[in-house]
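> Sharing a model that was predicted from the sequence below.
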Amino acid sequence: MSEVIWAPWRMEFIVKDKTPGCVLCNYVDVAPAPDKLVLAQRPLAYVVLNKYPYTAGHIMVVPKRHVSDLAELDTDESAALWSLVQASASPLRRSTGCSGMNIGMNIGRVAGAGIYEHIHVHLVPRWEGDHNFIPVIGDARVMPEYLEQSRQRLEIAFTELHEEAQK
């Protein structure tokens, strides 16, 4: 007998978001708020919760300018992107209690980028035993909390990061 794991929030991903334009550009200059996925804004980059997370608390750091390759970033944009990646690691670790994290980029469709037109850096919290047989045998992931719960928890940890840029 097979068991059913309900993940109704995935249907939106399956049928694809019909938001016009670049999904990531739509977050530029959106202030963090309870009904938004944005956690922090800085002049050249921002932090957003991944709408289709690999694990709970999966965030992305995104340059504000729409570019598809690292080489397209100017020196200031590159420094801002990596500075915000570094600044995001501590509040992410603090708010999730993760024991490690994966940080990386998928540049280009063949590299696995879901949004290949606009580069972004993934910060994926990891815990001991967070993966088991289910992804291998059942071809499914088990998320321990809803996206909204992740956002509420991260919002508190990222408040200082966002407020630094507002000064």
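Received the coordinates, thanks. Numbers count the residues shown, from 1 in each chain.
> Now Ile119: which helix or strand?
Element membership of Ile119, judged by DSSP states H and E, is empty: it is in no helix or strand.
> Do you know the pLDDT at it?
We have a pLDDT of 95 for Ile119.
> Would you mind confirming that it makes contact with Gly104?
No - counting by C-beta atoms under 8 Å, Ile119 does not reach Gly104; the two are 11.5 Å apart. Heads up, the C-betas are built off the backbone N, CA and C, glycines and all.
> ok, residues contacting stretch 107-123?
22-25, 50, 52, 54, 58-63, 66-70, 73, 81, 85, 88-89, 92, 101-106 (C-beta atoms under 8 Å, 6 or more residues apart in numbering).
> Among the residues you listed, name the ones in strands.
The members of the contacts of stretch 107-123 that map onto strands under DSSP state E are 59-63, 101-104.
> Can you flag the buried ones in the residues you listed?
Among these, those classed as buried by neighbour count (16 or more other C-beta atoms under 10 Å) are 59-63, 101.
> Are any of the contacts of stretch 107-123 buried, and if so which?
Members of the contacts of stretch 107-123 classed as buried by 16+ other C-beta under 10 Å are 23-24, 50, 58-63, 73, 81, 85, 88-89, 92, 101, 105-106.
> For the protein, just list every one of the helices.
Per DSSP state H, the chain carries helices over the ranges 11-14, 75-96, 147-166.
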